[in-house]
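# Any chance you can model this:
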Amino acid sequence: MMHYSLLEFKSQFIPFGYADDRNHQSTILASTLALCIASFMVFANLHGMQPLLPLVATSLELSELAVSRTYTIATLVLGFSLLFYGPLSDVVGRRGIIVFTLIGVMLVSVLLFFARDYSSLFWLRAVQGFFLAGVPAVAIAYMGDEFTPKAMMTAVGLYIAGNSLGGVSGRILGGIVGDWLGWPAVFLMLTGLSCCCIALVAWLLPPSQHFKPKAFSLLGMLKDLALHVSNPKLLMAYIIGGLNFFIFLNQYTYITFVLAEPPYALPASILGLLFLTYLTGTAGSMVSGRIAQRFSSPLCMSVGILILMLGTALTLNDSLWAIVLGFFINSFGFFFTHSVASSWVSRHAHTARASASALYLVFYYVGASAGGYYLYPFWQAQGWSGVVLGSMIVFTLTLICSLILLYWQRKETFSH
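Next up, the predicted model:
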């Protein structure tokens, strides 16, 4: 069945150790809602300034590459900070890190409102990236501590939906507010939004009941990371996730500059609406699990990358509607592939699954922060058609990686 009844949906939210106690369903539902709200806040703050980049570039007299750094530095720092918060949460617990880092994000948003030069904007976004990493680093681990495996599958899907909805909402609101009140006002808007989210998370998210602290071992963590990177099945998935986001996120950055200029000349409020295309990504994430259960995960990754290539090619058409349709297709293909690749990592990590998943996210966010540098020479040489060419080169590489995984999987199947 493709759809759950309400009873089937609610029955999944029974915490581990309380399978016969229905009173605890409300606790799990509250926890899931709190983590979705936290995720929404994080990604609204992370991505809220993306549609503003043409405005900021004009205001501060910056090149496209320079202004994009103020956006991508947050994803770069976020990616590396995941390696800090994950092990820390194993020692001190999950809930405190979630609430503390959300407050940090909000306080930096206040300071960003007063930033009026490139240096201040860049370094404050870097600090914000450090705090933004807290929720992505520990949310899944919190679920793993408190939820049954079946409940966790549903909760993770909702959590990822919170990611994309936060990113979409932040961009749309950022575009509208920036157009009306100027780009600094966007950070004031995000501060108010963050205050509401923090209050809800602090109220809804209960303390962990099944968390067991562990002694921190730097040597053990480094050994785990080395083990994951030396596993070719994991490494291929890391490359696929990292390089796909390397291109996907930065395509949006460069297309905003295309659409802000004639013949389109779209204002920031309309540019923000482009990110509604992320909603097909939410659909892609939600259907990926069921499709991957029916077909092999590497095959699903390959199909998702081909969909990405199709959407990218469609954006070569000068029609605004063709460009928008291309990004709708892109978003579905990207998030479909991302969801399958991330679950592949969790299933194929022999030990230390939490650090294996964290390392996937490191590749994912560091890739996103570096893609702008890779695409910039293509942009300078040929404009948007150059960006498409650079994108196709990378997507071809990730497609080859997924086909290698498919070959390995089928070889193992036939050998048994």
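# where exactly do the helices run in the stretch 51-200 of the chain?
Under the criterion DSSP state H, counting those that start in this stretch, the stretch 51-200 of the chain contains helices at 53-60, 64-92, 95-113, 118-132, 134-146, 149-181, 183-204.
# could those helices go into a markdown table alongside mean neighbour count?
Where C-beta positions appear, they are placed from N, C-alpha and C, glycine not excepted. Putting these into a markdown table (neighbours: other CB atoms under 10 Å) gives the following:
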| stretch | mean neighbour count |
| --- | --- |
| helix 53-60 | 19 |
| helix 64-92 | 21 |
| helix 95-113 | 20 |
| helix 118-132 | 20 |
| helix 134-146 | 25 |
| helix 149-181 | 21 |
| helix 183-204 | 18 |
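# among these, which is nearest residue 285?
helix 149-181 (4.9 Å; CB to CB).
# could you give the angle of the closest one to helix 53-60?
40 degrees (axes from the mean of the first three to the mean of the last three CA atoms, to 10 degrees).
# So which other helices or strands are in contact with helix 149-181?
Applying 3 or more CB pairs under 8 Å, 6 or more residues apart in numbering; DSSP states H and E, one finds that helix 149-181 contacts helix 25-47, helix 134-146, helix 183-204, helix 268-271, helix 278-294, helix 320-348.
# Export these to JSON lines and append columns for mean pLDDT and distance to residue 70.
Converted to JSON lines, the helices and strands packed on helix 149-181 look like this (pLDDT from 0 to 100; distance: least, CB to CB, whole Å):
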{"stretch": "helix 25-47", "mean pLDDT": "92", "distance to residue 70": "12"}
{"stretch": "helix 134-146", "mean pLDDT": "86", "distance to residue 70": "21"}
{"stretch": "helix 183-204", "mean pLDDT": "97", "distance to residue 70": "11"}
{"stretch": "helix 268-271", "mean pLDDT": "90", "distance to residue 70": "15"}
{"stretch": "helix 278-294", "mean pLDDT": "84", "distance to residue 70": "21"}
{"stretch": "helix 320-348", "mean pLDDT": "92", "distance to residue 70": "23"}
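# Need those in JSON lines (columns: distance to residue 225).
Listed next are these as JSON lines, based on distance: least, CB to CB, whole Å:
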{"stretch": "helix 25-47", "distance to residue 225": "24"}
{"stretch": "helix 134-146", "distance to residue 225": "14"}
{"stretch": "helix 183-204", "distance to residue 225": "30"}
{"stretch": "helix 268-271", "distance to residue 225": "39"}
{"stretch": "helix 278-294", "distance to residue 225": "26"}
{"stretch": "helix 320-348", "distance to residue 225": "13"}
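# out of the ones you listed, nearest to residue 157?
Of all the helices and strands packed on helix 149-181, helix 278-294 sits nearest to residue 157, with 5.7 Å by CB to CB.
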